[in-house]
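K.L.:
The following block contains a protein sequence and its predicted model.
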Amino acid sequence: MSGRFITFEGIDGAGKSTHVESVAQHLRQRGAELIQTREPGGTPLAESLRGLFLHQDMDGLTEALLVFAARRDHVQRVIAPALAQGRTVLCDRFTDASFAYQGGGRGMDLQVLATLAQWVQQGREPDLTFWFDVEPAVAAARRAQARDADRLEQLDLDFFERVRAGYQRRAESAPGRIVRIDAGDTIEGVAAQIRAELERRGW
Ligand SMILES: Nc1ncnc2c1ncn2[C@@H]1O[C@H](COP(=O)(O)OP(=O)(O)O)[C@@H](O)[C@H]1O
Ligand SMILES: Cc1cn([C@H]2C[C@H](O)[C@@H](COP(=O)(O)OP(=O)(O)O)O2)c(=O)[nH]c1=O
């Protein structure tokens, strides 16, 4: 039986990384064999592409081609084999981020992104995506306390408003898969929303 593919999405500073570990523990306690991974990244090649992606200046199409190249390697070498072995895959960001950042943020043609996704994923989609939705100003304040900004995190609030709208469009296009989490809640409140969804699915 194929494993479960669960992804975590949202604008930088929404609180995704804070909750991936607790979801992993929840699932392991219920017997899941799982791997935790991230994008861009997850393989030596994809991690080196991540470094270029986060620190070299480039336009939206270049970003998309780079992040989908990293995704191809990640899907081929890590995600697909793990799922085929019946393992659960927890991934911090996946293709929804391309639609939100390169589609919404950079204004790239969504059909181009859909074609890249088809080539790279060959129909493989997450079973469940937690979308951590939060006001861009709130996320920016959280980032400011937490870390130095990378190339994209330095962009202005208008960019992140477009990214958020890109996620909203994705959520409307995949209501059974993408679950909106009110990430403006407290950390405990967000954790409770996530647990409720996992229990609703009997996971
Ligand atoms: N619900 C929350 N309320 C307040 N601060 C939060 C919340 N969730 C995360 N944070 C803090 O915000 C910062 C960014 O969280 P992080 O999980 O790294 O976000 P992301 O992975 O979405 O970029 C961290 O300092 C984290 O402790
Ligand atoms: C996966 C993916 C990420 N990104 C961006 C979103 C983030 O700004 C950045 C990844 O950084 P991020 O996931 O936030 O890592 P960290 O928590 O260490 O900052 O890459 C895209 O623009 N498109 C994509 O397809």
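P.N.:
Cool, got the structure. Ligands and ions are numbered 1, 2, ... in the order given.

K.L.:
Next to ligand 1, which bits of the protein? Give me the list.
P.N.:
10, 12-18, 132, 142, 145-146, 185-187, 190 (Cβ under 6 Å from any ligand atom). For glycine as for every other residue, the C-beta is placed from the backbone atoms N, C-alpha and C.

K.L.:
Check those residues and tell me the two furthest apart.
P.N.:
Asp12 and Thr186 (19.4 Å; Cβ to Cβ).

K.L.:
Let me know whether the top helix by length along the chain sits next to ligand 2.
P.N.:
Longest helix of the chain, by residue count under DSSP state H: helix 157-173. No: residues of helix 157-173 contacting ligand 2 under Cβ under 6 Å from any ligand atom: none, with a closest distance of 8.2 Å.

K.L.:
returning to what we had before: compare Asp12 and Thr186 and say which one has the larger neighbour count.
P.N.:
The residue with more neighbours, out of Asp12 and Thr186, is Asp12; 21 against 8, by other Cβ atoms under 10 Å.

K.L.:
before we move on, back to that, and the longest helix of the chain, how far out from the chain middle?
P.N.:
How far helix 157-173 lies from its chain's middle: 13 Å, per Cα atoms, centre = their mean, to the nearest Å.
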